[in-house]
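> following is a predicted model, sequence given first.
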Amino acid sequence: MTTATGLPELPGLNSQAEVERRAGLGQITWAGPLIVLLGRSFLMIAVQALVAVCYLVRGHPSPWNAAAPWWTVYGTLVDIGCLALMAKFTRAEGIRLRDLVGKMRLRWGHDFFLGAGCFVLFVFLFSAPGWLATKLGFSISQAAMYPGLFSERRLPLWAVIYSLSIWWLIWSPTEEMTYNGYALPRLQALTGRKWMAVLMVGFWWALQHSFFPLIFDWTYVLWRFLFFLPGVIGVTLLYLGIRRLPPLILAHWPMDIAAVFYTLRF
C-alpha cells in the first residue's frame, strides 16, 4: 500500500509487528488484555446490578429482572468502563486509544464497500450457526426470548430514542476495539499462537452476549453462548485477514440497530 505521494505506507501503531515489538520491550503485559477481555463481561453484570439496586431501593419485588430490559441504555456505562481501561493500557504502550481503530479509507468508498461486504458475511455468520445452536440446545427452531426482559421490551420514549440513536453508535466501535483492536493482537503477541488468541477472544466475546442482559436461566445462557460463538470467531478471523477496524465497525452498526428493533416493543 502506498500513500498519495507514492511512498510506501508505514505500518500502523496497532499492526501486529508494532504490537509484538512493544510486547518485546515489556510495554505490553498479560494484565492489559486479560483485564480488558474479562472486564467487559464483569462490567455488564456490575452495571445491571447497579440498576437493580435502584429498583430495590424503590421497593420493586423483582429488581434484577426489572433492570434487564434497560440493557440498551445502561450498556453505554459498560462502554465507558471499557474505553477507560483501554485508554489506561494503551497509554502505557505510548499510543492513543484512537490508534486501535486506524485510518478510515474513504477514497472511492473503499471502507464503505468493504463494510457492506463484511455486513453480508456477518448476517451469515450470526444466522446459520445461530439456528443450529438453537436446534442443538432447544430442539426447536426458536428459543425462548424472555418477553419483557430480553425481547418485547417496553421502555419509556426517551429510552427508546436513546437506544435507537446513541447506544449502538458507541457500542459497536467499543466492542470491536475491545476484542479485535486491543485484545486479539496483544494475546497473539503474548502467546505466540494465533489460534490460541482467537479461541480466547472468541470464548469471552461469545460469553459476554450471555450476560447482556444476564437472566438466571443457565440453559438460556448456554444457548446464547453457542449462538454467538461461531460468529465471533468468524469475525476475529476476518479481522486478522483485513487487519482493519473501520469496515468491521460499519458492518457492526446495522447489526446492533437491528437488535434494538428486534427486541423492543413499540
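On my side now, so go ahead.

> from here on, contacts and neighbour counts on C-alpha atoms
Noted.

> next one: residue 198 from residue 52, what distance?
Residue 198 sits 34 Å away from residue 52 when distances are taken as C-alpha to C-alpha, to the nearest Å.

> next one: residue 241
41 Å.

> pLDDT below threshold where in the protein?
Within the chain, the stretches falling below the threshold (pLDDT under 70) are 1-11, 130-131, 133-144.

> quick one: the helices in it?
16-24, 31-57, 63-67, 71-93, 110-125, 128-138, 157-162, 168-176, 184-191, 194-210, 218-242, 246-263 (DSSP state H).

> now those helices in JSON lines, with distance to residue 101 and mean neighbour count?
Shown next, in JSON lines, are those (distance: least, C-alpha to C-alpha, whole Å; neighbours: other C-alpha atoms under 10 Å):
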{"stretch": "helix 16-24", "distance to residue 101": "13", "mean neighbour count": "17"}
{"stretch": "helix 31-57", "distance to residue 101": "16", "mean neighbour count": "18"}
{"stretch": "helix 63-67", "distance to residue 101": "32", "mean neighbour count": "21"}
{"stretch": "helix 71-93", "distance to residue 101": "12", "mean neighbour count": "19"}
{"stretch": "helix 110-125", "distance to residue 101": "13", "mean neighbour count": "17"}
{"stretch": "helix 128-138", "distance to residue 101": "28", "mean neighbour count": "17"}
{"stretch": "helix 157-162", "distance to residue 101": "24", "mean neighbour count": "14"}
{"stretch": "helix 168-176", "distance to residue 101": "8", "mean neighbour count": "21"}
{"stretch": "helix 184-191", "distance to residue 101": "13", "mean neighbour count": "22"}
{"stretch": "helix 194-210", "distance to residue 101": "17", "mean neighbour count": "20"}
{"stretch": "helix 218-242", "distance to residue 101": "12", "mean neighbour count": "19"}
{"stretch": "helix 246-263", "distance to residue 101": "7", "mean neighbour count": "19"}
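
> contact partners for residue 44?
For residue 44, the contacting residues are 75, 78, 208, 211-213, by C-alpha atoms under 8 Å, 6 or more residues apart in numbering.

> nearest residue to the most centrally placed residue in the chain other than its sequence neighbours?
In the chain, the residue lying closest to the centroid (C-alpha atoms, centre = their mean) is residue 175, at 2.8 Å. Nearest non-adjacent residue to residue 175, counting by C-alpha to C-alpha, 6 or more residues apart in numbering: residue 79, 7.9 Å away.
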